[in-house]
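Visitor: sequence? don't have it. structure:
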Ligand code: UD1
């Protein structure tokens, strides 16, 4: 099959338009996914609002249904869940392979049922992504972990609270252990826990369901286990990666863009870098506004766990760095293979040298529109951002990656004045 057939879904960006205006940010994908999975933990009715309507979240809704839980979108951004009776303990292969984050159901199913059989997700486009830290947590809580026929089978007559030290502050492992700890007997302490805002949001949701959790947003999270929690209504935080992507769209086109709602604290690592580059950034209680211009300069970026610079913004930032004065050094420390977009940007005329975990980006005066291929979600956003400033037309193939994690990014950019045909 040709490259074009395999990626029939494409969009065309006509470069050269400066973006202006205010745009709405959707709810956070990475908070919504574990929060929906956490609804497995207890019987009850849940109304989750500000849920982004995008492919990965729809996969999680399908997962809940496959486990025997009623879950439906009611309005475009509201999911209602009715959990009654024991959910099934086997997660379907096609949903876990469609989305790695489906593995978030492992902790809740194990905690609820005492056994869980979940397919191993395998590697993905940006790296090998092992699950050893999730398993370390489950084992410390008394579960057995067996891998057979591509499934991981978790068993525990009862989960017992434990002290778990994470060798690396993994987002997914922190979330899985946090969810399992809610129904474990006694206290679970996660040390070197990830501090991402999405984990805090999951924790706040669980507290509203009746869980007792301390230390959210810090590197030590303490959970007092209990025998059951209950359903609740909850609104998810704004998506800081979407917020950041839209801000970069404003900066790269030398426009003036306000994104609302936004939680400025969640975007602080990006805001600092934009300011260092010389962009004008204004921060309000619930919005961030950026103005870009032709005097912006290079900065160095190193991706790190929160509150460091997010790996999920590295690709979009690379597009911006291609268009400013000077040479920037990017170091990707979280995933080993997250520079696939660099090769596509080079096809548009970007000057980038890759050296293992480093990308050395030298700003150029112009990019030129080309046919480019999306390899993963954030790479997709980076290529569209580059297309916004490239001379002529950029045809972006492989949109299925983009729609996994953005709720109508082309529509939002068009709202700000971009010329995009989907
Ligand atoms: C989450 C986010 C993803 C983001 C990433 C890092 C969701 C749905 N996805 O992914 O968008 O890019 O955090 O901020 O929230 N690791 C291990 N062993 C483990 C688990 C992870 O070695 O058991 C390693 C991974 O290979 C990777 C690093 O830790 O190198 C970060 O992974 P992790 O924080 O777990 O990311 P995810 O939860 O998969």
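Guide: Nice, I can see it. Bear in mind the structure is a predicted one, so any value in this text is a computation, not a measurement.
Visitor: the stretch 201-350 of the chain: helices as residue ranges?
Guide: When assigned using DSSP state H, counting those that start in this stretch, the helices of the stretch 201-350 of the chain occupy the ranges 240-252, 268-277, 314-321, 340-347.
Visitor: turn those helices into JSON lines, including distance to residue 180 and mean neighbour count.
Guide: Bear in mind the C-beta positions are built from the backbone N, C-alpha and C, glycine included. JSON lines is the format used below for these (distance: least, C-beta to C-beta, whole Å; neighbours: other C-beta atoms under 10 Å):
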{"stretch": "helix 240-252", "distance to residue 180": "26", "mean neighbour count": "28"}
{"stretch": "helix 268-277", "distance to residue 180": "29", "mean neighbour count": "19"}
{"stretch": "helix 314-321", "distance to residue 180": "30", "mean neighbour count": "28"}
{"stretch": "helix 340-347", "distance to residue 180": "34", "mean neighbour count": "21"}
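Visitor: closest to the ligand out of those?
Guide: Across the helices of the stretch 201-350 of the chain, the minimum distance to the ligand, taken as C-beta to the nearest ligand atom, is reached by helix 240-252, at 7.4 Å.
Visitor: could you check the angle the helix or strand that residue 381 is a member of makes with helix 240-252?
Guide: With the criterion set as DSSP states H and E, the secondary-structure element containing residue 381 is helix 377-389. When axes from the mean of the first three to the mean of the last three C-alpha atoms, to 10 degrees is applied, the directions of helix 377-389 and helix 240-252 differ by 20 degrees.
Visitor: partners of the helix or strand following helix 377-389 in the sheet?
Guide: Along the chain past helix 377-389, the next helix or strand (assigned with DSSP H and E) turns out to be strand 393-397. The partner list of strand 393-397 in its sheet, established with DSSP bridges, is strand 10-14 (antiparallel), strand 371-373 (parallel).
Visitor: can you redo these as a markdown table with mean pLDDT?
Guide: As requested, the strands paired with strand 393-397 are exported to a markdown table (pLDDT from 0 to 100):
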| stretch | mean pLDDT |
| --- | --- |
| strand 10-14 | 97 |
| strand 371-373 | 97 |
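Visitor: mind checking these for the one nearest to residue 197?
Guide: Ranking the strands paired with strand 393-397 by distance to residue 197, with C-beta to C-beta as the measure, places strand 10-14 first at 29.6 Å.
Visitor: so how far is that closest one from its chain's centroid?
Guide: Computed by C-alpha atoms, centre = their mean, to the nearest Å, the chain-centroid distance of strand 10-14 equals 24 Å.
Visitor: can you list contacts of that strand?
Guide: Under the contact criterion C-beta atoms under 8 Å, 6 or more residues apart in numbering, strand 10-14 has outside partners 369, 384, 387-388, 390, 392-399, 410, 418-422.
Visitor: do the helix or strand harbouring residue 188 and the ligand meet?
Guide: With elements delineated by DSSP H and E, residue 188 resides in strand 187-191, which encompasses its position. No. Under the criterion of C-beta under 6 Å from any ligand atom, the ligand is not reached by strand 187-191; the shortest gap measures 13.0 Å.
Visitor: thanks again, I'm all set now.
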